[in-house]
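Participant: next one to model:
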Amino acid sequence: MEARPDCPAERREHAGAELSRTVKDTVGVSIEAEVVAPGTLARSSGKLQRLSDRRR
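Facilitator: Numbering: from 1, shown residues only. Okay, the predicted model is just below:
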C-alpha cells in the first residue's frame, strides 16, 4: 500500500506489519503488506468491477 505523505519513513515497516496482523485476525488470511513512499504506485486506469465469491 502507499503511505500517506505525513507518514514518516521509519513508521512504514511497522504500519505494514500492523496491517498484516489486523487482516489475519479479522479475516483469517495471511498477507504480506509493503508500505511504499507516496506517489510510488500507479493509479487505476478504468472502472472497478464487482466480484462475486461463489465458493461453497
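
Participant: wait, what's in contact with residue 36?
Facilitator: Residue 36 sits next to 1-3, 12 when contact means Cβ atoms under 8 Å, 6 or more residues apart in numbering. Glycine gets a C-beta too; all of them are placed from N, C-alpha and C.

Participant: whoops, residue 3 was the one
Facilitator: Residue 3 sits next to 12, 15, 35-38 when contact means Cβ under 8 Å, 6+ apart.

Participant: and the buried ones among those residues, selectable in PyMOL?
Facilitator: Burial among the contacts of residue 3 is assessed by 16 or more other Cβ atoms under 10 Å; the matching PyMOL selection reads:
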select buried, resi 12+35
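
Participant: so which of the contacts of residue 3 is the closest to residue 21?
Facilitator: residue 15 (10.8 Å; Cβ to Cβ).

Participant: average pLDDT for stretch 23-43, rounded please.
Facilitator: The predicted model gives stretch 23-43 an average pLDDT of 92.

Participant: export that stretch to PDB, keeping only CA atoms.
Facilitator: Once non-C-alpha atoms are left out, stretch 23-43 reads as follows in PDB (Å, rounded to 0.1, in the frame of the first residue of the first chain):
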ATOM      1  CA  VAL A  23      -6.100  -8.800   8.300                       C
ATOM      2  CA  LYS A  24      -5.000 -12.100   9.800                       C
ATOM      3  CA  ASP A  25      -7.000 -11.500  13.000                       C
ATOM      4  CA  THR A  26     -10.100 -10.200  11.200                       C
ATOM      5  CA  VAL A  27     -10.300 -12.400   8.000                       C
ATOM      6  CA  GLY A  28      -8.100 -15.300   8.900                       C
ATOM      7  CA  VAL A  29      -5.900 -14.900   5.800                       C
ATOM      8  CA  SER A  30      -2.200 -14.200   5.900                       C
ATOM      9  CA  ILE A  31      -0.900 -11.400   3.700                       C
ATOM     10  CA  GLU A  32       2.300  -9.600   3.100                       C
ATOM     11  CA  ALA A  33       1.900  -5.900   3.200                       C
ATOM     12  CA  GLU A  34       4.600  -3.500   2.000                       C
ATOM     13  CA  VAL A  35       4.200   0.200   2.600                       C
ATOM     14  CA  VAL A  36       5.800   2.300  -0.100                       C
ATOM     15  CA  ALA A  37       6.600   6.000  -0.500                       C
ATOM     16  CA  PRO A  38       3.800   8.400  -1.600                       C
ATOM     17  CA  GLY A  39       3.400   8.700  -5.300                       C
ATOM     18  CA  THR A  40       5.100   5.300  -6.000                       C
ATOM     19  CA  LEU A  41       2.000   3.300  -7.000                       C
ATOM     20  CA  ALA A  42       0.300   3.700 -10.400                       C
ATOM     21  CA  ARG A  43      -3.200   5.000 -10.200                       C
END
